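Participant: no sequence on this one, just coordinates:
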């Protein structure tokens, strides 16, 4: 009887076992399939991605900053130089709470709460912040606020740190297994402050040349960064072994300028005095050039700025006006004042040259034979052209004038007559020949692409009259200086330049 009743039970057990084996086999098949698919995905489909991810975790790739080239004046004085400094950064996500001992963990019941971990991490960061603040001469709370956020993988702690401090930070990070990164950088210095600032320019906070020669010769001065590739520790440090690969940085080339500091100093001194005496509101300009070569011996705009602190408004009156404003008005005014002081007016601005242009009209008229040194003109109460009366300055009448006397007296009426004899076609031809239509091509940034002038087909008698003594046309100060050089050097239009040589670091 018992044997008979046990048979169905054994059949059920066998059926359950079969189903269990089938399900187990199915789970194993699915699991193996998923594993194989995952391995296929990682090793075949996402091979390059995973390889790069592993490399980024296991390898330390550090950029080596090259030394930026120096800038010298014509006599060898250093106008801009770079020194090696270091930047300190951290990875807060890698700063963990200190490990617990076996006894401490048992006291917590074998499991530590997230709140407890956070409190111990905060306590560690508090200690680290105080230690770093002492080394870096910074505020401990400022450092703590940067390190406490574990969601961040990069924070900047300090820039332009000297080598002894950088070495101490590196040792502290190693001793305490902290994810602190000490990277090399450069600091730009201008030993003479505001001297020749509009020519030199300065460095942007992101490490590239901004304005002036620093911008124009960025590729020459910057050099080529190097790389150090090595194995890294979990905290971001370098593993000491022989597998490191070093690609040396190439330092930037040096610039030798045509500027002479003695001539520049004299030019700046007398320009600053002239700006004060004449109550100049739109900044003054001085350019000194070698007429036979086009070499710029001095170039200055006043007021200038200090490239060591370029964002500080150098002009006291402008700074006072900005500081008197508030909120968005102050921000806009500050930006305008900064851009104004950075702009090299000698190169970038157009202006009506006025009486200095009479040299060009005179040279053109003498060269064509329209007038001779013995030609005479008459300056009376006024001189009319197409019904428009023109006067000399302060309505002064000079009477009979030779060409030399007309130049000496800066006689507008005489030059209207000289321009009339020259004619609009010849006037426009010489205007172009003296380089007053196109940029000079100087090796400085932000030169206007063209000046503002009349062409012969648009020039009537009145326009010719006003252009002849320097009005109605707008050219750059540099174009005017180059044209005057051509007047006195035998008629050779030279291209202005400020860099005479580019020298390799060695």
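Facilitator: Structure's in. What do you need? In this text, all values refer to a predicted model and were calculated from it rather than measured experimentally.

Participant: who's the residue nearest the centre of the chain bridged to?
Facilitator: Compute the mean C-alpha point of the chain, and by CA atoms, centre = their mean the closest residue is residue 210, 2.7 Å away. The partner list for residue 210 in beta bridges (DSSP bridges) reads residue 202.

Participant: any idea how far it lies from residue 183?
Facilitator: Separation of residue 210 from residue 183 (CB to CB, to the nearest Å): 22 Å. C-beta: built from backbone N, CA, C; applies to glycine.

Participant: what does residue 136 give?
Facilitator: Between residue 136 and residue 183 the distance is 15 Å, computed by CB to CB.

Participant: the residue nearest to the centre of the chain touches residue 201, doesn't it?
Facilitator: Yes: counting by CB atoms under 8 Å, residue 210 does reach residue 201; the two are 6.0 Å apart.

Participant: who touches both of these two?
Facilitator: By CB atoms under 8 Å, 6 or more residues apart in numbering, residue 210 and residue 201 have these common neighbours: residue 342.

Participant: how far does the lengthiest strand in the chain sit from its chain's centre?
Facilitator: Longest strand in the chain by number of residues, with DSSP state E as the criterion: strand 78-90. In terms of CA atoms, centre = their mean, to the nearest Å, the centre of strand 78-90 is found 15 Å from the chain centre.

Participant: also stretch 424-432?
Facilitator: Stretch 424-432 sits 40 Å away from the centroid of its parent chain (CA atoms, centre = their mean).

Participant: and it, what's its mean pLDDT?
Facilitator: Taken as a whole, stretch 424-432 carries a mean pLDDT of 98.

Participant: and for stretch 51-62?
Facilitator: If you average the per-residue pLDDT over stretch 51-62, you get 67.

Participant: tell me who's in contact with the residue nearest to residue 473 when sequence neighbours are not counted.
Facilitator: Distances taken as CB to CB, 6 or more residues apart in numbering place residue 453 nearest to residue 473, at 4.7 Å, with adjacent residues excluded. Residue 453 is in contact with 428, 431, 436-437, 467, 473-475, counting by CB under 8 Å, 6+ apart.

Participant: so which of those are in strands?
Facilitator: Secondary structure from DSSP E places residue 475 of the contacts of residue 453 in strands.

Participant: restricted to buried residues, select the contacts of residue 453 in PyMOL.
Facilitator: This is how PyMOL selects the buried members of the contacts of residue 453, with burial counted by 16 or more other CB atoms under 10 Å:
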select buried, resi 428+431+436+437+467+473+475
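
Participant: in the contacts of residue 453, find the pair that's most separated.
Facilitator: Longest distance between any two of these is 15.2 Å, between 428 and 474; criterion CB to CB.

Participant: how near is residue 498 to residue 349?
Facilitator: 17 Å.

Participant: of those two, who's got more company?
Facilitator: More crowded of residue 498 and residue 349, by other CB atoms under 10 Å: residue 498, with 24 against 18.

Participant: that one and residue 442 touch, don't they?
Facilitator: Yes: contact status for residue 498 versus residue 442: in contact at 6.9 Å, counting by CB under 8 Å.

Participant: so what sits against both of the two?
Facilitator: With CB under 8 Å, 6+ apart as the test, residue 498 and residue 442 both reach residue 296.

Participant: surely residue 407 touches residue 358?
Facilitator: Yes: Residue 407 is within contact range of residue 358, at 6.3 Å (criterion: CB under 8 Å).

Participant: for the stretch 151-300 of the chain, which segments count as strands?
Facilitator: Along the stretch 151-300 of the chain, the stretches classed as strands by DSSP state E, counting those that start in this stretch are 155-161, 180-189, 202-203, 209-210, 226-231, 245-247, 254-257, 284-289, 296-302.

Participant: so which of those gets nearest residue 335?
Facilitator: Minimum separation from residue 335 across the strands of the stretch 151-300 of the chain (CB to CB) falls at strand 209-210, 14.1 Å.

Participant: what angle separates the longest strand of the chain from strand 180-189?
Facilitator: Computed by axes from the mean of the first three to the mean of the last three CA atoms, to 10 degrees, the angle separating strand 78-90 from strand 180-189 equals 160 degrees.

Participant: let me know the angle separating strand 78-90 from strand 155-161.
Facilitator: Taking the same axes, to 10 degrees, strand 78-90 and strand 155-161 form an angle of 150 degrees between their directions.

Participant: strand partners of strand 78-90, parallel vs antiparallel please.
Facilitator: In the sheet containing strand 78-90, its partner strands are strand 71-72 (antiparallel), strand 155-161 (antiparallel), strand 180-189 (antiparallel), by DSSP bridges.

Participant: tabulate these (TSV), appending mean pLDDT and mean neighbour count.
Facilitator: Listed next are the strands paired with strand 78-90 as TSV, based on pLDDT from 0 to 100; neighbours: other CB atoms under 10 Å:
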stretch	mean pLDDT	mean neighbour count
strand 71-72	98	24
strand 155-161	92	16
strand 180-189	88	18
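
Participant: okay, those strands in JSON lines with distance to residue 363 next?
Facilitator: JSON lines is the format used below for the strands paired with strand 78-90 (distance: least, CB to CB, whole Å):
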{"stretch": "strand 71-72", "distance to residue 363": "36"}
{"stretch": "strand 155-161", "distance to residue 363": "53"}
{"stretch": "strand 180-189", "distance to residue 363": "44"}
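
Participant: can you say which of those is nearest to residue 119?
Facilitator: Closest to residue 119 of the strands paired with strand 78-90, according to CB to CB: strand 155-161, at 21.2 Å.

Participant: tell me the confidence at the nearest residue to residue 161 once chain neighbours are set aside?
Facilitator: Of all residues not flanking residue 161 in the chain, residue 86 sits nearest, at 4.6 Å (CB to CB, 6+ apart). Here, the pLDDT recorded for residue 86 equals 90.

Participant: beta-bridge partners for residue 86, please?
Facilitator: For residue 86, the beta-bridge assignment (DSSP bridges) gives partners residue 161, residue 184.

Participant: extract the residue ranges of the stretch 301-450 of the chain that are flagged as low pLDDT.
Facilitator: Per-residue confidence for the stretch 301-450 of the chain (pLDDT under 70) gives no ranges below the cut-off.

Participant: can you give me the strands in it?
Facilitator: Listed in chain order, the strands found in the stretch 301-450 of the chain under DSSP E, counting those that start in this stretch are 350-351, 376-379, 383-385, 388-390, 399-402.

Participant: return the most buried member of those.
Facilitator: Sort the strands of the stretch 301-450 of the chain by mean neighbour count, taking mean count of other CB atoms under 10 Å, and strand 376-379 sits at the top with a mean of 18.
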